[in-house]
Structures are given as C-alpha cells and as structure tokens.
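*Asks:* Below are the sequence and a predicted model for it; my questions follow.
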Amino acid sequence: MSPDNSIGSILCPNCGKLISASAESCVHCGAKNPNLWGLAGHLRNLFGGQTSFIPIIAATCIGLYVISLLLDPKAIMQPRGFMGLLAPSGRSLYNLGMTGDISLNNGRWWTLITAIYLHGGLLHIAFNVLWIRQLGPHVEEFYGVSRSFLIFTIAGVAGFILSSYAGNQFTLGASGSIFGLLGALVHYGRKRGGAFGTAIYKQTGQWAIVLFIFGFLFPNIDNFAHAGGFIGGYLAATVLGFTEIKRETRQHQMLALAAIGITVVSFLLNLIG
C-alpha cells in the first residue's frame with residue numbers, strides 16, 4: 001500500500017528516511033520540497049523499483065532499425081559487403097538523426113542523442129544490443145536505474161563529440177554508450193576494491209581492451225566514439241558514485257528524468273529539423 005502524498009508520512013526521496021508529507025524540507029537531510037508536489041512516490045517507483053531501462057533501450061534501437069529499413073526498402077538489398085548486411089540507406093539514417101561533423105555543422109545538435117539509437121546494419125545492431133543486455137543489468141545493479149541511464153546517455157554524447165572533433169562526417173550507434181557502461185564498471189571495480197571489486201575490474205578491463213582491439217581490426221569502426229564513450233562513462237560514474245557509497249537521490253532521479261525528456265525532444269526536433 002503506497003503512502004498518501006497529501007496526508008501522513010512519506011519517505012524522503014533524497015535520504016530515504018520517514019518525514020511528514022507536508023514538510024517543506026527534510027528534517028534529516030535538508031532537501032527542499034521532498035514531496036515534489038506529489039511526484040516523489042512516482043519517481044521512486046519509476047527509478048527505484050524493479051523498472052529497468054535496458055529492455056526499453058534495446059527495443060528502441062531495434063524499432064528504429066526496422067523503421068530505417070522501411071523508409072528506403074530499395075537500399076536493403078544493395079551489395080555493401082558482409083559488414084553492411086541489411087544496411088539502411090544513408091538518407092534514411094540522416095533523416096532519423098545520424099550525427100557527425102556534417103550534422104553538427106548544420107546545427108543539428110540533437111543528433112548527438114538520437115544517433116545513439118540508430119544502427120548501420122544487421123550485425124551492427126545485433127552486436128550492440130547483445131552488449132547492452134550483457135553490461136546494462138550489472139551497471140543498474142551497482143549504480144541504480146537513474147544513474148545507469150545518465151551514464152549511458154552521457155557516454156554516447158561524449159563519444160560522438162570526440163568523433164566529430166576528429167573529423168568523422170557521419171557516425172551512429174550505441175557503441176560509445178556501451179563503452180561508457182564498461183567505463184562505469186571499470187570504475188566500480190577499481191573504487192570498490194576487495195576480491196569482488198578486483199574481479200569486476202579485471203574482467204571488464206579485459207573486455208574493454210578486447211573491444212578496443214576489435215575496433216581496429218575491422219573497417220568502418222568509430223574508435224574515437226569508443227574512446228570518448230569510455231572516458232565519458234568513467235568520468236560520469238566517478239561524479240555520480242555507486243550505490244554502495246552513495247544511494248541514488250532525488251537529484252539523480254530528476255537528472256535521469258531530464259535526460260529522458262531531452263531524448264524525446266531530440267527525436268521530435270528530428271521530425272521538424
């Protein structure tokens with residue numbers, strides 16, 4: 001039975017302690033307006049319950065991949081080599097929000113976010129969705145849902161910024177965000193220490209090295225986006241902290257909600273921009 005947000009008591013979304021539902025500030029941690037006009041319980045249910053963004057992210061990537069194929073069906077069967085199997089056309093991907101030097105020079109800043117969810121072929125999306133589902137649950141376990149989504153988004157944007165700065169005209173895909181998840185796990189293992197932390201650090205560090213090497217062995221891999229994503233994810237994790245040293249707060253939840261809003265707005269801008 002959920003607490004009544006108009007009378008009685010609630011749990012402060014910042015520190016998790018019991019306070020009056022009508023309190024203007026938490027008597028324990030000093031957080032202002034802990035009731036958030038009745039939204040505190042909804043935020044806690046959204047980000048602090050069993051909800052996971054991993055299936056939503058994976059489904060969004062798959063859905064947009066299918067749409068990108070349907071926008072230009074004639075391009076599907078054009079021969080583009082093994083790595084280009086079932087690749088959408090460049091026009092479809094640009095219209096859906098592919099990023100890079102050209103898009104950003106045209107003022108399409110929102111593509112730094114929309115491009116995270118776009119992919120250039122069957123193998124590309126299969127590989128990325130596999131790693132999202134492999135790494136995502138571990139990051140959510142150690143950092144919580146809201147911080148994990150922030151890390152995923154920040155890392156993807158950071159990867160594309162570095163890629164564009166390096167002169168890549170077109171780029172897309174969730175691999176920068178995936179390297180950000182790896183960076184977050186490496187930070188967790190290094191910071192936590194002990195037998196468990198060391199094992200996480202070694203395992204994820206090895207994965208990162210293998211994936212970086214993989215990127216240099218195959219053509220058309222955006223290694224700058226990988227590097228930028230790893231750095232962005234590691235730094236974001238350092239600033240945000242993980243659950244064992246700092247529980248998720250209302251601020252984390254509000255930032256994650258803002259990131260969701262910006263993502264939605266970015267796709268809307270894509271329709272008119």
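*Replies:* Here it is on my side, so go on. From a predicted model like this one, the values you see are computed outputs, not experimental measurements.

*Asks:* So for stretch 111-126, what gets flagged as buried?
*Replies:* 111-125 (16 or more other C-beta atoms under 10 Å). Where you see a C-beta, it was placed from the backbone N, CA and C, and this is true even at glycine.

*Asks:* For this structure, which residues score under the pLDDT cut-off?
*Replies:* Applying pLDDT under 70 to the chain picks out residues 1-25, 27-28, 30-50, 79-84, 273.

*Asks:* Please repeat the previous calculation with a cut-off of 50.
*Replies:* 1-7, 37-38 (pLDDT under 50).

*Asks:* Tell me where the stretch 101-250 of the chain has helices.
*Replies:* For the stretch 101-250 of the chain, the helices defined by DSSP state H, counting those that start in this stretch occupy 101-105, 111-114, 122-143, 145-165, 175-192, 194-217, 223-240, 250-272.

*Asks:* Tell me which of the ones you listed sits nearest to Ala75.
*Replies:* Ala75 lies closest to helix 122-143 among the helices of the stretch 101-250 of the chain, at 13.2 Å (C-beta to C-beta).

*Asks:* elements contacting the closest one?
*Replies:* Packing contacts for helix 122-143, counted by 3 or more C-beta pairs under 8 Å, 6 or more residues apart in numbering; DSSP states H and E, involve helix 54-71, helix 145-165, helix 175-192.

*Asks:* Now render the ones you listed as CSV, adding mean neighbour count and distance to Phe218.
*Replies:* Shown next, in CSV, are the helices and strands packed on helix 122-143 (neighbours: other C-beta atoms under 10 Å; distance: least, C-beta to C-beta, whole Å):
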stretch, mean neighbour count, distance to Phe218
helix 54-71, 17, 19
helix 145-165, 26, 16
helix 175-192, 26, 12
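
*Asks:* Ok, which of those helices comes nearest Thr238?
*Replies:* Comparing the helices and strands packed on helix 122-143 by C-beta to C-beta, helix 175-192 comes nearest, at 5.8 Å.

*Asks:* now the angle from that closest one to helix 194-217?
*Replies:* With axes from the mean of the first three to the mean of the last three C-alpha atoms, to 10 degrees applied, the angle from helix 175-192 to helix 194-217 works out at 150 degrees.

*Asks:* With only the CA atoms kept, save helix 175-192 in CSV.
*Replies:* Provided in CSV are the C-alpha atoms of helix 175-192 (Å, rounded to 0.1, in the frame of the first residue of the first chain):
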residue,chain,number,x,y,z
SER,A,175,28.8,1.5,-29.1
GLY,A,176,30.0,4.7,-27.4
SER,A,177,27.4,4.3,-24.7
ILE,A,178,28.4,0.6,-24.4
PHE,A,179,32.0,1.6,-23.8
GLY,A,180,30.6,4.1,-21.3
LEU,A,181,28.9,1.2,-19.4
LEU,A,182,32.3,-0.6,-19.5
GLY,A,183,34.0,2.5,-18.1
ALA,A,184,31.4,2.7,-15.3
LEU,A,185,32.1,-1.0,-14.4
VAL,A,186,35.8,-0.5,-14.5
HIS,A,187,35.4,2.5,-12.2
TYR,A,188,33.2,0.5,-9.8
GLY,A,189,35.7,-2.4,-9.6
ARG,A,190,38.7,-0.1,-9.1
LYS,A,191,37.0,2.0,-6.5
ARG,A,192,35.3,-0.8,-4.6
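
*Asks:* which ones are touching Asp72?
*Replies:* Counting by C-beta atoms under 8 Å, 6 or more residues apart in numbering, Asp72 touches 88-89, 91-92.

*Asks:* Okay, and which of these map to helices?
*Replies:* 91-92 (DSSP state H).

*Asks:* Could you work out the most separated pair of the contacts of Asp72?
*Replies:* Pro88 and Arg91 (8.8 Å).
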